[in-house]
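*Asks:* Here is a sequence with its predicted model. Questions after.
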Amino acid sequence: MSFLNRILGGTRLEVFKFGFYVFSPIVVMYLTGIPEFVEKEVNPLRVKLFRLNDETYHPPANSEEIGEYMQLLRTRKERLTASNAAAAAAEGAEPKAA
């Protein structure tokens with residue numbers, strides 16, 4: 001027999017389990033709802049998990065930003081093509097088209 005079953009016995013064990021099942025979520029919600037706990041424990045974890053301090057990508061919003069981004073993509077492509085051509089020339093093969 002288990003320890004709780006010997007101490008509490010049939011019906012009392014079921015009442016204890018019911019009370020535990022009902023009040024456990026209430027206690028957890030109460031403790032996690034305290035602002036000091038949220039600031040101390042939850043916010044640092046949230047920042048770490050979701051990387052809130054890092055700069056995130058924001059898509060271009062207007063035509064000027066789209067033009068700037070397209071120019072950035074063109075320069076990246078040109079640099080990649082040039083580096084591929086240099087690597088191929090070093091190996092003695094024909095360069096790959098990007």
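*Replies:* Cool, got the structure.
*Asks:* contacts for stretch 36-53?
*Replies:* Applying C-beta atoms under 8 Å, 6 or more residues apart in numbering, the contact partners of stretch 36-53 are 31, 32. Quick note: C-beta positions are derived from backbone N, CA and C, even for glycine.
*Asks:* how far is that stretch from where the chain is centred?
*Replies:* 12 Å (C-alpha atoms, centre = their mean, to the nearest Å).
*Asks:* Now do the same for that stretch: mean pLDDT, whole number.
*Replies:* Confidence for stretch 36-53, expressed as mean pLDDT, is 83.
*Asks:* can you pull the alpha-carbon coordinates of it into CSV?
*Replies:* Provided in CSV are the C-alpha atoms of stretch 36-53 (Å, rounded to 0.1, in the frame of the first residue of the first chain):
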residue,chain,number,x,y,z
GLU,A,36,7.3,41.3,-9.0
PHE,A,37,7.5,37.6,-10.0
VAL,A,38,6.8,38.4,-13.7
GLU,A,39,9.5,41.2,-13.7
LYS,A,40,12.1,39.0,-11.9
GLU,A,41,11.5,35.6,-13.5
VAL,A,42,9.4,35.8,-16.6
ASN,A,43,10.7,38.9,-18.4
PRO,A,44,14.4,37.8,-18.6
LEU,A,45,13.4,34.4,-19.9
ARG,A,46,11.1,36.0,-22.4
VAL,A,47,13.9,38.3,-23.7
LYS,A,48,16.3,35.4,-23.9
LEU,A,49,13.8,33.1,-25.7
PHE,A,50,12.4,35.6,-28.2
ARG,A,51,15.6,37.7,-28.6
LEU,A,52,13.7,40.9,-28.0
ASN,A,53,16.9,43.0,-27.7
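*Asks:* That stretch: which residues count as buried?
*Replies:* Under the neighbour-count criterion of 16 or more other C-beta atoms under 10 Å, stretch 36-53 has nothing buried.
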